[in-house]
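J.: Provide a 3D model corresponding to the input given below.
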Amino acid sequence: MEVIVAVGNLSAAKAAMHATSTIPIVFSNAADPVDTGLVTRIDRPTGNATGLTSLSSLTGPKRMELLGEIVPAPAPLGLLINPENLIANDDIRKIQDAAQAKGRKLAIFRAKSANEVDAAIAAAAVQQVPAEPPAGAVDGITIISPFLSPDFLKKAGKWGTAGSRTLISSMPALADMASRSSKSLTGFSKILAYAAPDVLADESTLPLPGNEPVIEDDVEPAPLALHAKIFCF
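T.: Numbering: from 1, shown residues only. Now for the predicted structure:
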């Protein structure tokens, strides 16, 4: 029996569905498979496609509501999003609708890579959008991100109260941060690693052992993806 496994983003699943309507397709990491047209229902998918979903686009409005409780009105709220994500516009629409329903002003900031995050945070400051939790607003904070930035970790390592900060990331990203002399991980009381797929590379271009390039502390690592969630509790 033939099965197509569409790994990665929405484009892979869409391409497989356009190619066949009979061969079973299993997709992964679909934020909202119903809205994106992969299936007609979550509980009983019809057609030849099924798979996994994080339902991340469905939780966006709820995260906005929680942020609104941490940052009370009339302070504006901010949404940082990757515009190259295929469901970015849909996420923006849902979160904007939720903000309007609560009577909150929402500013949109876009960044396609880790290097653009600092510029987006600077733009948020111009619009008086808080770039970090207000003092005393949270007891603890957990950061989940597939990529890590030294500058961001230095800031986040001061949020909340000491002893209540948790960082979750991929083992390669954590190993990279731990190898630097910036001590950007010292602000976190708990550090957890999850398994992440290796980045495919041409073996002929990989450095030989002992000849790896030296990475400066202030150099941003190449991001695997711009998709980070911060949960405050």
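J.: quick check: phi and psi on the closest residue to residue 102 other than its chain neighbours?
T.: Distances taken as C-beta to C-beta, 6 or more residues apart in numbering place residue 68 nearest to residue 102, at 5.8 Å, with adjacent residues excluded. Just so you know, the C-beta spots here come from the backbone N, C-alpha and C atoms, and that holds for glycine as well. Dihedral pair for residue 68: phi -60, psi -30, per degrees, to the nearest 10.
J.: ok, now residue 45?
T.: phi -60, psi 130.
J.: could I get the full set of helices for the protein?
T.: Listed in chain order, the helices of the chain (DSSP state H) span 10-19, 56-70, 88-101, 117-126, 150-156, 171-178.
J.: among those, which is nearest residue 1?
T.: helix 10-19 (15.7 Å; C-beta to C-beta).
J.: just the CA atoms of that closest one, as CSV, please.
T.: Once side chains and other backbone atoms are set aside, the C-alpha atoms of helix 10-19 remain, and they are given as CSV (Å, rounded to 0.1, in the frame of the first residue of the first chain):
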residue,chain,number,x,y,z
LEU,A,10,1.2,23.5,4.7
SER,A,11,2.7,23.7,1.2
ALA,A,12,3.8,20.1,1.3
ALA,A,13,0.4,18.8,2.3
LYS,A,14,-1.3,21.0,-0.3
ALA,A,15,1.0,19.8,-3.1
ALA,A,16,0.3,16.2,-2.2
MET,A,17,-3.5,16.8,-2.2
HIS,A,18,-3.2,18.4,-5.7
ALA,A,19,-1.2,15.4,-6.9
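J.: who touches that helix?
T.: 4, 6, 25, 27, 30-31, 36-38, 47-49, 51, 86-87 (C-beta atoms under 8 Å, 6 or more residues apart in numbering).
J.: residues of stretch 92-102 that come out buried?
T.: 92, 94, 95, 96, 98, 99 (16 or more other C-beta atoms under 10 Å).
J.: wait, I meant stretch 165-180
T.: Using 16+ other C-beta under 10 Å as the burial criterion, the residues of stretch 165-180 that qualify are 165, 166, 167, 168, 169, 170, 172, 173, 174, 176, 177, 180.
J.: tell me who's in contact with the second one.
T.: Residue 166 sits next to 140, 141, 142, 143, 188, 189, 190, 191, 192 when contact means C-beta under 8 Å, 6+ apart.
J.: these two touch, right, the fifth one and residue 159?
T.: No. With contacts defined as C-beta atoms under 8 Å, residue 188 does not count as touching residue 159, sitting 10.3 Å away.
J.: what is in contact with these two at once?
T.: Shared contacts of residue 188 and residue 159 (C-beta under 8 Å, 6+ apart): residue 165.
J.: related to what we said a few turns ago, per-residue confidence for the residue nearest to residue 102?
T.: Here the pLDDT value assigned to residue 68 is 84.
J.: can you tell me how far residue 168 sits from residue 141?
T.: Summarising the geometry, the distance separating residue 168 from residue 141, computed by C-beta to C-beta, to the nearest Å, is 11 Å.
J.: for residue 192, see how far away residue 145 is.
T.: Here residue 145 is placed at a distance of 12 Å from residue 192 (C-beta to C-beta).
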